[in-house]
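Asker: requesting a structural model of the entry that follows:
(2 chains)
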2 protein chains.
Amino acid sequence: MSSTTNPTPVGAVRQASLREINLALLLGRIAAAPRPPSRADLAADTGLTRATVSAVVDDLIGGGLVTEVEPTPRAGAGRPARGLLLAGHGPAGLGLEINVDYLAACVLDLAGAVRHRTVHRVDLRLTSPAETLARTAELAARARADADDQGLTLAGVALAVPGLVGAGGVVRLAPNLGWREVDVPALLPPLTETIPGLPPLVVDNEANLAALGELHTGHATATDFLYISGEVGIGAGIVLDGALYRGGRGWSGEIGHLPVHPEGRPCRCGGRGCLEQYAGQEAIIAAAGLAGENLPADAARLARLATDGDPATCAALAGAGTALGVAVAGVVNLLDLDTVVLGGGYAPLAPWLSPPVAAEVSRRVLTAAWAPVTIRPAVLGADAAAVGAAGSVVRRIIAQPNAWLAR
Amino acid sequence: MSSTTNPTPVGAVRQASLREINLALLLGRIAAAPRPPSRADLAADTGLTRATVSAVVDDLIGGGLVTEVEPTPRAGAGRPARGLLLAGHGPAGLGLEINVDYLAACVLDLAGAVRHRTVHRVDLRLTSPAETLARTAELAARARADADDQGLTLAGVALAVPGLVGAGGVVRLAPNLGWREVDVPALLPPLTETIPGLPPLVVDNEANLAALGELHTGHATATDFLYISGEVGIGAGIVLDGALYRGGRGWSGEIGHLPVHPEGRPCRCGGRGCLEQYAGQEAIIAAAGLAGENLPADAARLARLATDGDPATCAALAGAGTALGVAVAGVVNLLDLDTVVLGGGYAPLAPWLSPPVAAEVSRRVLTAAWAPVTIRPAVLGADAAAVGAAGSVVRRIIAQPNAWLAR
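Answerer: Got it, this is the predicted structure:
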């Protein structure tokens, strides 16, 4: 990503404690290894001595971050070495998501396994921020009780919201929830004990966290992609070079407000012709003729109607896909990404949205002839942001195991 | 830019030669220092011994990369130390630009001073690639002769083209030049001697190189910005975190093909409603009623007409600015950048383009109320890409001085 870089000044290493560096280095290698490595593997891999590796690994095992597995017996000479892998019984991350029409919670252990997962469908547009956060706290309490029952310790909480998050976790604006300047940390009771060096609560944009979830599921191989979260609002997480691109002030990814018809429909944001007005869930429902009904019309219902060949729903999805394709073509022309992931409510609608998106990309992207763009549904479902949020807690522990061990 | 990173493995340093690292480290510090540092300053700054610093600095001076300056005499005890700065007499970079209606050449010395600069106005739309490259070689020969006369040694050449550059410097597509699959290195004769470790010719996109020029002029303070090069075509260079973002395949920045009116005017690229069709130089000239004339109508002429208050020109620029603002609003919503630089032919037109661009940004960017966006003209003029190209050669020498010293 960078063009030319100077070598890392060697002096910088002297500043940090060698033990902290070695803890993070070995835990990172254990986390990234395709098969459980032995202590000897780690020594060969890092150039550290066997004695150092063993001492550090003992600390990681003692702190509940790593566990040993017996090798499968094999014929031949010598006793095979025991393998090391991330523990499933120590710290865990709690991920929460507040969206316009659901709340979600998820607990991931250090090894990335989902240990608790729930999605509550509830329309939060007419609920006050305090009431919404109180319900979120109830969901969190149940997730925590379940984690406790399984012998896990919640090491932190990350909360996904469909809006712009400012310093200190204050939600500056979440247009589709009707939130403005909501001080989430002040309104949400403490959900976990505090671990020095680890933030007790991180509030982040839902598309950002969902993109991180997609990046770290292990199923996704792309390191550069645009993740689009299609709910009532439309957000995007931009992953460049295997890292989330947050923008200068943390407010990147507002793809829902890309103008696709500059003098078109007015938008809640004050602009006109924003993508959300053509491809957001409400726009699709209105175009499908389902707006007046009392039944909840969500992505799953749209998918059922489209599967049944309902002409209005199919036409609505084709129109939404074309508008989405116009925006995606602009993004690909700008950023030269080879993968676009349809996430959130778009994932179950991908069979109907992908073809018109691909058509617009092929028609409008200058490099489309040589540089094919893959449009695919997200691996994770509607609670991708909650999974990504829990994963962000877990990855922080893997990056800074010392904070957990020194608690 | 990245969310969490593991510490650099200490072992990596062992692999590279310590001398190479120290050469690059000290040359980088000298290049970045606001005032010429002394050897003692460098030792204090890097933690290297005085003896090591002196040996490395002697190598840099001997190789013509660094020069010493006498300090200004001062009162008080002790003889003040001599300062070190980048040499203006050693290696230099040659930057060339081929655009639709001009050719440019620029020589920069290591200290970043312009030592030769020329822009030839010539319409290259009806000229074959071979003929255009032959003219470019003539410009390069004159630049080289001038550099020789000044005692400089050209260490490399970078060529800017308004199109998509593939592997090996092949221009895949430059729609406004009518180029397709033009093998530039095969058609252009060698322009400098070859220095092992340094590429003799780099071909790159003109907006990318112009953005690099803007980044490294020393006048620009922003480390995150969108540089828009407005010529017959419109390209962009995206600078994130002080580095050019090139995209997965090096083809980022095609802002000219962002759809601003999805079903609008057909574009040369095969799409419809691309920004270029509303804000490219030809579109502005046509809207200003100047298309039928035999006089060349370039940005300077448009600026004169607008200064004189010509109503058709003012209206044309307002319309182009609005279209540009729609595209810029989309980019800012997506990338959360705080600075947009109007470059190339847009720089002299900035007084008329900036207000409508700012109006669209303020109307359409979700975060505009808290996160103001600065729209400003480029510091460099029409030959920004040639300056940036020459600068890219020079910065490669500063990053890898060993290649130059070992030649």
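Asker: what's the neighbour count on the residue in the stretch 251-400 of chain A that chain B sits nearest to?
Answerer: Minimum separation of the stretch 251-400 of chain A from chain B (CB to the nearest CB) falls at A:Asp336, amounting to 2.6 Å. The way it works is simple: take the backbone N, C-alpha and C, and place the C-beta from them, glycine included. The tally of other residues near A:Asp336 (other CB atoms under 10 Å in any protein chain shown) stands at 25.
Asker: just A:Arg117 next, same as before
Answerer: Around A:Arg117 there are 18 other residues, counting by other CB under 10 Å.
Asker: which SS state does it fall under?
Answerer: Assigned with DSSP: H, G, I helix; E, B strand; the rest coil, A:Arg117 falls in the strand class.
Asker: and whatever helix or strand A:Asn208 lives in, how far from the chain's centre?
Answerer: Secondary structure from DSSP states H and E places A:Asn208 in helix A:206-216. Taking CA atoms, centre = their mean, to the nearest Å, one finds helix A:206-216 lying 2 Å from the centre of the chain it belongs to.
Asker: and that helix, what does it pack onto?
Answerer: In terms of contacts (3 or more CB pairs under 8 Å, 6 or more residues apart in numbering or on different chains; DSSP states H and E), helix A:206-216 is packed against strand A:91-98, strand A:153-161, strand A:225-230, strand A:234-240, strand A:243-245, strand A:339-344, helix A:384-399.
Asker: run through who's touching it.
Answerer: For helix A:206-216, contacts defined as CB atoms under 8 Å, 6 or more residues apart in numbering or on different chains pick out A:95, A:97, A:99, A:112, A:158, A:160-162, A:220, A:223, A:225, A:227-229, A:235-239, A:242, A:244, A:246, A:253, A:341, A:343-344, A:378-380, A:384-389, A:391-392, A:395, B:3.
Asker: what angle do it and strand A:339-344 make?
Answerer: Interaxial angle, helix A:206-216 versus strand A:339-344 (axes from the mean of the first three to the mean of the last three CA atoms, to 10 degrees): 120 degrees.
Asker: residues in contact with A:Val239?
Answerer: Residues near A:Val239 by CB under 8 Å, 6+ apart: A:Ala211, A:Leu212, A:Glu214, A:Leu215, A:Ala222, A:Thr223, A:Asp224, A:Phe225, A:Leu226, A:Tyr227, A:Tyr245.
Asker: so which of these is the most crowded?
Answerer: Highest neighbour count within the contacts of A:Val239, by other CB under 10 Å: A:Tyr227, with 34 neighbours.
Asker: OK, contacts around that one?
Answerer: Counting by CB under 8 Å, 6+ apart, A:Tyr227 makes contact with A:Ala207, A:Ala210, A:Ala211, A:Glu214, A:Ala236, A:Gly237, A:Ile238, A:Val239, A:Val341, A:Gly343, A:Ala378.
Asker: at 7 Å what do you get?
Answerer: Counting by CB atoms under 7 Å, 6 or more residues apart in numbering or on different chains, A:Tyr227 makes contact with A:Ala207, A:Ala210, A:Ala211, A:Glu214, A:Ala236, A:Gly237, A:Val239, A:Val341, A:Gly343, A:Ala378.
Asker: okay, the angle between the helix or strand encompassing A:Ala143 and strand A:91-98?
Answerer: Using DSSP H and E, A:Ala143 sits in helix A:129-149. Interaxial angle, helix A:129-149 versus strand A:91-98 (the same axes, to 10 degrees): 150 degrees.
Asker: helices or strands up against helix A:129-149?
Answerer: Judged by 3 or more CB pairs under 7 Å, 6 or more residues apart in numbering or on different chains; DSSP states H and E, the packing partners of helix A:129-149 are strand A:91-98, strand A:102-109, strand A:114-121, strand A:153-161, helix A:184-187.
Asker: I'd like these laid out as CSV, including distance to B:Glu138 and mean pLDDT.
Answerer: Listed next are the helices and strands packed on helix A:129-149 as CSV, based on distance: least, CB to CB, whole Å; pLDDT from 0 to 100:
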stretch, distance to B:Glu138, mean pLDDT
strand A:91-98, 63, 96
strand A:102-109, 64, 95
strand A:114-121, 66, 92
strand A:153-161, 59, 94
helix A:184-187, 64, 93
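Asker: re earlier: which residue packs closest to the residue of the stretch 251-400 of chain A closest to chain B, ignoring adjacent ones?
Answerer: Spatial nearest neighbour of A:Asp336, chain neighbours left out: B:Gly247 (2.6 Å); criterion: CB to CB, 6 or more residues apart in numbering or on different chains.
Asker: the one you found - that's part of a helix, no?
Answerer: No. With three-state DSSP as the criterion, B:Gly247 is assigned coil and is not in a helix.
Asker: that one reaches A:Leu335, doesn't it?
Answerer: Yes. Counting by CB atoms under 7 Å, B:Gly247 does reach A:Leu335; the two are 5.7 Å apart.
Asker: from the contacts of helix A:206-216, list just the buried residues.
Answerer: Among the contacts of helix A:206-216, those classed as buried by 16 or more other CB atoms under 10 Å in any protein chain shown are A:95, A:97, A:99, A:112, A:158, A:160-162, A:220, A:225, A:227-229, A:235-239, A:244, A:246, A:253, A:341, A:343-344, A:378-380, A:384-389, A:391-392, A:395, B:3.
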